[in-house]
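**Student:** task: produce atomic coordinates for the following.
(chains A, B, C and D)
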2 protein chains.
Amino acid sequence: MVMAMVASHPDPLAGFPAGFLDGFTSREVAKGQLLATPGQALNQVFIVRSGRLRVYLASDARELSLAILEPGDIFTTHTPTFVRGLEPASLWVIGIREFAAKLAGAPGVAPLMMKVLGRILDNAVSLVEDLAFRDVPARLARFLVRQAARRGEQGPEGCLLPLDLGTEDIACLLGTTRQSVSSLINQWQREDLLSRRGRRALLIHDLPALAARSLAPG
Amino acid sequence: MVMAMVASHPDPLAGFPAGFLDGFTSREVAKGQLLATPGQALNQVFIVRSGRLRVYLASDARELSLAILEPGDIFTTHTPTFVRGLEPASLWVIGIREFAAKLAGAPGVAPLMMKVLGRILDNAVSLVEDLAFRDVPARLARFLVRQAARRGEQGPEGCLLPLDLGTEDIACLLGTTRQSVSSLINQWQREDLLSRRGRRALLIHDLPALAARSLAPG
DNA sequence: ACGCTTCCGTCGGCCAGCCGACACTCCTGC
DNA sequence: GCAGGAGTGTCGGCTGGCCGACGGAAGCGT
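**Tutor:** Okay, here's the model as predicted:
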């Protein structure tokens, strides 16, 4: 699930025409620094050059992460979300009007934007689907399966998953609580579906079984 | 809440340059007809000319409406959602590739697309926010307040709201059940916040009080 | 080593809201 | 009229999962 409103490329700049970055300014973001908040409509578009950022919603008592932005991801501050540096990061930034002008000027980029748009929609819809239809076990299972497909490395004992996220962070991505995630992981560990490998990595032992649990209950 | 992934204009074609519709084909949709489903990636963009369409997600046991499309709204079949005619409707349709080409050719349209994109994101995020942070009373209250701002007509007794939706339909928009909506409305009726006016309309008597209940609990 | 801090595991209580069931009211066509 | 169907109101039981609490384990600075 999740990973959300973001277009992700293995190579940070694949797909952009040479010189497309002209007119962007560079910007550094410190760890924990708040880059955007709802309300303040900055109207900027940015592309992540290095580091990771967290996009999230917040109510008085809770936070829900929409996405972890990684190098190559493109996003805009023109959404009612918080964006915060998860670690030191650097960005290319441009005003949204100038960005639109660039799009008009570079014909090849419009289709690319459509792709980005499509992916953003897919991810948003996927998030809504999770929150509305799936219970917590299914959400967690789906998250792990997707991460395995994305970042997992196949080994003799199973698929090694470097999450780089704590229990709390995962809960936040799934719209649930630390406790629920914790107890589920340990339950599955007892069932030999997976096992912890150090502090922030998992070894998936039975991927198909996990996939089965990622389906909506019923 | 909701109303969702859609850009809505009071005037169906405001903002589009003259001749922009060249290349679109016309299409009729019957009441109840399924226009798009997840899986089948039709890759079309369409604009609603007349009638209403429902955009929704479905699991085995439940449905969740993302939006009711109305004349002037623009949408794409390239999302994992169902789109179904709510009443007889007619559309302008074009392939997504051709649409992208038009964007590249008509420089003035790209900024318009950015606006549309922004609105789509806002609405999607708003939906997620509701599902994650607000309880059912808050969701319903917010829905009614927004509808009042959108379609309500001020009268001597309060604000008259022609919903054109049954209890079940509203529940579907809010991601809850018929029963919950029903009991809430009647509870509020007892508190004199509102009253039923015929089968599918409400008279809002105390809009501020409703607005107060639309905030996240806590 | 040691404290200190941060993170993780587990338990029990509690409650919003889903579900099934059923009666009632309203429209509609014969 | 008067069936029949669709939509509506209401109740009680049941449960997923949030919350608070607390103890244990792992990292880290000195």
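**Student:** gap between A:Gly39 and A:Ala171?
**Tutor:** 26 Å (C-beta to C-beta, to the nearest Å). In short, each C-beta sits where N, CA and C put it, glycine included.
**Student:** burial measure for A:Met113, as a count.
**Tutor:** Burial of A:Met113 is recorded as 21 neighbouring residues (other C-beta atoms under 10 Å in any protein chain shown).
**Student:** not counting sequence-adjacent ones, nearest residue to it?
**Tutor:** A:Leu103 (6.2 Å; C-beta to C-beta, 6 or more residues apart in numbering or on different chains).
**Student:** doesn't that neighbour belong to a helix?
**Tutor:** Yes - assessed with DSSP: H, G, I helix; E, B strand; the rest coil, A:Leu103 lies in a helix.
**Student:** how near is it to A:Val45?
**Tutor:** 10 Å.
**Student:** just A:Val29 next, same as before
**Tutor:** 15 Å.
**Student:** from DNA strand D, how far out is the residue nearest to A:Met113?
**Tutor:** For A:Leu103, the distance to DNA strand D (C-beta to the nearest atom of the strand, to the nearest Å) stands at 40 Å.
**Student:** I'd guessed that residue sits against A:Met114; true?
**Tutor:** No - at 10.6 Å, A:Leu103 does not count as touching A:Met114 under the criterion of C-beta atoms under 8 Å.
**Student:** which residues of chain A fall in helices?
**Tutor:** Along chain A, counting by DSSP state H, helices occupy A:96-105, A:109-133, A:136-151, A:167-174, A:178-190, A:207-213.
**Student:** out of these, which comes closest to B:Thr176?
**Tutor:** Smallest distance to B:Thr176 across these (C-beta to C-beta): 9.8 Å, for helix A:109-133.
**Student:** report the buried residues of that closest one.
**Tutor:** Using 16 or more other C-beta atoms under 10 Å in any protein chain shown as the test for burial, helix A:109-133 gives A:109-114, A:116-133.
**Student:** sorry, back to before: reformat the helices of chain A as a markdown table; add mean pLDDT.
**Tutor:** Compiled in a markdown table, the helices of chain A are given as follows (pLDDT from 0 to 100):
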| stretch | mean pLDDT |
| --- | --- |
| helix A:96-105 | 80 |
| helix A:109-133 | 79 |
| helix A:136-151 | 94 |
| helix A:167-174 | 94 |
| helix A:178-190 | 96 |
| helix A:207-213 | 94 |
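**Student:** can you say which of those helices is nearest to B:Glu63?
**Tutor:** When those are ranked by proximity to B:Glu63 (C-beta to C-beta), helix A:109-133 comes first, at 9.4 Å.
**Student:** is any residue of the closest one near DNA strand C?
**Tutor:** No - interface with DNA strand C: helix A:109-133 contributes nothing (C-beta under 7 Å from any atom of the strand), its closest point being 9.4 Å away.
**Student:** in terms of secondary structure, what does that helix contact?
**Tutor:** helix A:96-105, helix A:136-151, strand B:53-58, strand B:63-69, helix B:96-105, helix B:109-133 (3 or more C-beta pairs under 8 Å, 6 or more residues apart in numbering or on different chains; DSSP states H and E).
**Student:** taking helix A:109-133 as reference, get the angle to the fourth one.
**Tutor:** The reference is to strand B:63-69. Interaxial angle, strand B:63-69 versus helix A:109-133 (axes from the mean of the first three to the mean of the last three C-alpha atoms, to 10 degrees): 140 degrees.
**Student:** same question for the longest one.
**Tutor:** When the same axes, to 10 degrees is applied, the directions of helix B:109-133 and helix A:109-133 differ by 10 degrees.
**Student:** helix B:109-133 vs helix B:167-174, what angle?
**Tutor:** Using the same axes, to 10 degrees: helix B:109-133 against helix B:167-174 is 110 degrees.
**Student:** next, the angle helix B:96-105 makes with helix B:109-133.
**Tutor:** Using the same axes, to 10 degrees: helix B:109-133 against helix B:96-105 is 120 degrees.
**Student:** give the residue farthest from the middle of chain A.
**Tutor:** In chain A, counting by C-alpha atoms, centre = their mean, A:Gly105 sits farthest out from the average C-alpha position, at 30.0 Å.
**Student:** common neighbours of A:Leu103 and A:Met114, please.
**Tutor:** Residues touching both A:Leu103 and A:Met114 (C-beta atoms under 8 Å, 6 or more residues apart in numbering or on different chains): B:Leu103.
**Student:** around DNA strand D, which positions in chain A sit nearby?
**Tutor:** So chain A meets DNA strand D at A:Ala61, A:Arg62, A:Asp135, A:Val136, A:Pro137, A:Gly175, A:Thr176, A:Thr177, A:Gln179, A:Ser180, A:Gly198, A:Arg199 (C-beta under 7 Å from any atom of the strand).
**Student:** can you rerun that using 10 Å?
**Tutor:** Contact residues (C-beta under 10 Å from any atom of the strand) of chain A with DNA strand D: A:59-62, A:131, A:134-140, A:171, A:174-184, A:196, A:198-200, A:217.
**Student:** drop anything exposed from those.
**Tutor:** Buried by 16+ other C-beta under 10 Å: A:131, A:134, A:136-140, A:171, A:174-176, A:180-181, A:184, out of the residues of chain A next to DNA strand D.
**Student:** and those, which two are the farthest apart?
**Tutor:** A:Leu131 and A:Leu184 (17.0 Å).
**Student:** contacting residues around A:Val181?
**Tutor:** Per C-beta under 8 Å, 6+ apart, neighbours of A:Val181: A:Val136, A:Leu140, A:Thr167, A:Ile170, A:Ala171, A:Leu174.
**Student:** I appreciate the help and will end here.
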